[in-house]
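Novice: Here is my input, please return the structure:
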Amino acid sequence: MADWYTRTILDSGKQPLLILLVAFIVAFLFIRLSVRMIRAEVSWWPGNIEGEGFHLHHVVFGIVFMVIAGFGLVSPAGTHRPWTEILAGLFGIGTALVLDEFALVLHLKDVYWTGEGRLSVDAVVVGAALGGLLLIGSAPFGVNDDTVDGSAVVGWDAVTTVLINGTLALIALSKGKVFTGIIGLFLPVLALVGALRLARPGSPWARRRYPPGSRKAARAVKRETRENWMRVLRVRTYDLIAGKPSPDPPQDPTEDVSRDVSKDVPKE
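Specialist: Down below sits the predicted model:
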């Protein structure tokens, strides 16, 4: 086992990436445990950091950690052990804290425990998958660089591959298939599948190409609402790891939905 680790991780220079990935996963699991304990109002668990008129989210700590680690990694200290590993771990922790509240940053309101908040978990899953693919040696767009005297050699075949795979990934992303599109950058077959399949309702592709009342629009809605074992497994796994979202409150039709989102004070 020690020989395998030395040969596969140390000698290939992947130890910082491994530490980053492990720190990323552990930090996400810990912060989700923390917010679930706070949500359950466990008396002995430290609560939210709040003051008069403000609520400090862990995304703030994540940004600080990422800035410190980013500058540290490109500084002279970042090229020496153990600072490379320490800063990589700090960057992984910061990234997990930021992505865990990705949905809040995107919507600029408190959606952490709503269905929209599941976008944060999607972002974390994509981040962990990308880290894992880089760790096992997958190259973006399915192109592996050949080197001559340490310099990368990129030919027209590689350029064509990048253009084709990149286009397929963009089509998959425009169809609302975020996971398939991003992972498809490393596994082109996934990008091809995402590009060929029906777009999700509300995605840019569906809005432009599936007119209301069309057969494709109806098929997209039917597929999105249809229960299947993959969707059930995904929901149950997310509930187990991240906690169940709160049910959406009923809408009051007389309520004025226009409001200043800057007045929202998100809470974990």
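Novice: And the strands in the stretch 51-200 of the chain, which stretches?
Specialist: Along the stretch 51-200 of the chain, the stretches classed as strands by DSSP state E, counting those that start in this stretch are 54-56, 146-148, 151-153.
Novice: Skipping its backbone neighbours, what lies nearest residue 217 in space?
Specialist: Spatially, and ignoring its direct neighbours in sequence, residue 217 is nearest to residue 210 (4.1 Å; Cβ to Cβ, 6 or more residues apart in numbering). Every residue, glycine included, has its C-beta placed from N, CA and C.
Novice: Kindly report the same for residue 17.
Specialist: residue 135 (5.6 Å).
Novice: how close does the one you found sit to residue 216?
Specialist: 39 Å (Cβ to Cβ, to the nearest Å).
Novice: Check residue 22 too.
Specialist: From residue 22 to residue 216 the distance is 43 Å (Cβ to Cβ).
Novice: Check residue 83 too.
Specialist: In this view, residue 83 and residue 216 are 54 Å apart by Cβ to Cβ.
Novice: neighbour-wise, which of these two wins?
Specialist: Applying other Cβ atoms under 10 Å to residue 83 and residue 216 shows that residue 83 carries more neighbours, namely 16 against 13.
Novice: What about the residue lying closest to the more buried one once chain neighbours are set aside, how many residues nearby?
Specialist: Excluding the flanking residues, the one nearest residue 83 by Cβ to Cβ, 6+ apart is residue 77, at 4.7 Å. Residues lying near residue 77 (other Cβ under 10 Å) number 13.
Novice: State the distance from the closest residue to residue 125 other than its chain neighbours to residue 29.
Specialist: Excluding its sequence neighbours, the residue lying closest to residue 125 (Cβ to Cβ, 6+ apart) is residue 179, at 6.9 Å. According to Cβ to Cβ, residue 179 and residue 29 sit 19 Å apart.
Novice: Looks like residue 180 contacts residue 192 (just checking).
Specialist: No - contact criterion Cβ atoms under 8 Å: residue 180 and residue 192 do not qualify, at 9.7 Å.
Novice: give me every residue that touches residue 197.
Specialist: Residues counted as contacts of residue 197 (Cβ atoms under 8 Å, 6 or more residues apart in numbering) are 175, 177.
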